[in-house]
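> Provided below are the primary sequence and the corresponding predicted coordinates.
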Amino acid sequence: MSDSDETPAVRIEPVVTSGTFSLDGGTWDVDNNVWVVGDDAECVIVDPAHDAAPILEAVGDRRVVAVLCTHAHDDHIGAAAEIVEATGAPTYLHPDDRMLWDRVLPAAPDQELADGQRLDVAGTPIEVLHTPGHSPGSCCFLLPDLGVVLTGDTLFQGGPGATGRSFSDFGTIIVSISEKLLTLPEETTVLTGHGDSTTIGDEKPHRQEWIDRGH
């Protein structure tokens, strides 16, 4: 077997888009990480944020089999309608975030996400982890074959996602991270919704510090 045969065909490509996040009467400038996961033939898009053009450029002529949303804050789903129009791909969202989705987009998501659900792209499994706290329907997407978890705004380099706005809860996000993420292998790469990547091993020792800070 050649080296090329041993290399996983599925890859994860980052696209950074910029725009705003609005909730509770405030608006903030943000840069978002969009993740395109697949091989040369097909892919999924995780968190279609702000601007469809660079996302579609990264997709190229591949078939988009799904648009997966870690949660429904407006900065994470703003380009969803345009992506769907261009690709015909179904959108997936946990039902507990519908009230956030409905504030942004008139059409309902096509499919519901559920904890433990398995999706596939190019023969590679994607496991859905329901991780409420940042929002009630927040989910992470685990790709065990790649040793990667896409955490949206649940876990960042340096700690949990924000819980100071409507529909969020600090205690809940700590439970989600502790039970669903920190139990993963420490070498698991964490690809986040904003900012730099990290690993489970780098974040795990700081759990008590996060609780003490209580942010």
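That came in fine, so what should we check first?

> residues contacting residue 190?
Neighbouring residues of residue 190 by CB atoms under 8 Å, 6 or more residues apart in numbering: 148-149, 151, 155, 157, 181, 197-200, 203. In short, each C-beta sits where N, CA and C put it, glycine included.

> This protein: helices as residue ranges?
Taking DSSP state H as the criterion, the chain carries its helices at 3-6, 52-59, 74-77, 80-87, 98-101, 170-176, 200-203, 207-213.

> neighbour-wise, which of the contacts of residue 190 leads?
Going through the contacts of residue 190 with other CB atoms under 10 Å as the criterion, the one with the most neighbours is residue 151, at 30 neighbours.

> who's in contact with that one?
Listed by CB under 8 Å, 6+ apart, the contact partners of residue 151 are 70, 131, 140, 181, 190-193.

> from those residues, which ones fall inside strands?
Secondary structure defined by DSSP state E assigns 140, 190-192 of the contacts of residue 151 to strands.

> Residue 148 is in contact with residue 12, isn't it?
Yes: contact status for residue 148 versus residue 12: in contact at 6.3 Å, counting by CB atoms under 8 Å.

> tell me, what's touching the two both at once?
Between them, residue 148 and residue 12 share these contacting residues under CB under 8 Å, 6+ apart: residue 191.

> re earlier: would you turn the ones in strands among the contacts of residue 151 into TSV with distance to residue 112?
Supplementary listing: the ones in strands among the contacts of residue 151 in TSV, determined by distance: CB to CB, whole Å:
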residue	distance to residue 112
140	16
190	25
191	23
192	24
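
> will you turn those into TSV that also has pLDDT and distance to residue 101?
Shown next, in TSV, are the ones in strands among the contacts of residue 151 (pLDDT from 0 to 100; distance: CB to CB, whole Å):
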residue	pLDDT	distance to residue 101
140	99	18
190	98	25
191	98	22
192	98	21
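
> just curious, which of the residues you listed is nearest to residue 63?
Within the ones in strands among the contacts of residue 151, proximity to residue 63 (CB to CB) peaks at residue 191, which comes in at 22.2 Å.

> wait, isn't the closest one in contact with residue 152?
No: Residue 191 is beyond contact range of residue 152, at 9.5 Å (criterion: CB under 8 Å).

> who's more crowded, these two?
Residue environment comparison for residue 191 versus residue 152 gives the larger neighbour count to residue 152, 29 against 21, counting by other CB under 10 Å.

> Quick check: the more buried one vs residue 40, distance?
26 Å (CB to CB, to the nearest Å).

> In the chain, where is pLDDT below threshold?
Per-residue confidence for the chain (pLDDT under 70) gives these ranges: 1-8, 215.

> OK, contacts around the residue nearest to residue 83 when sequence neighbours are not counted?
The shortest distance from residue 83 to any non-neighbouring residue, by CB to CB, 6 or more residues apart in numbering, is to residue 48 (4.7 Å). With contact set as CB under 8 Å, 6+ apart, residue 48 has these partners: 34, 55, 67, 69, 76-80, 83.

> In these, find the pair that's most separated.
Using CB to CB, the pair of the contacts of residue 48 lying farthest apart is 55 and 69, separated by 13.2 Å.
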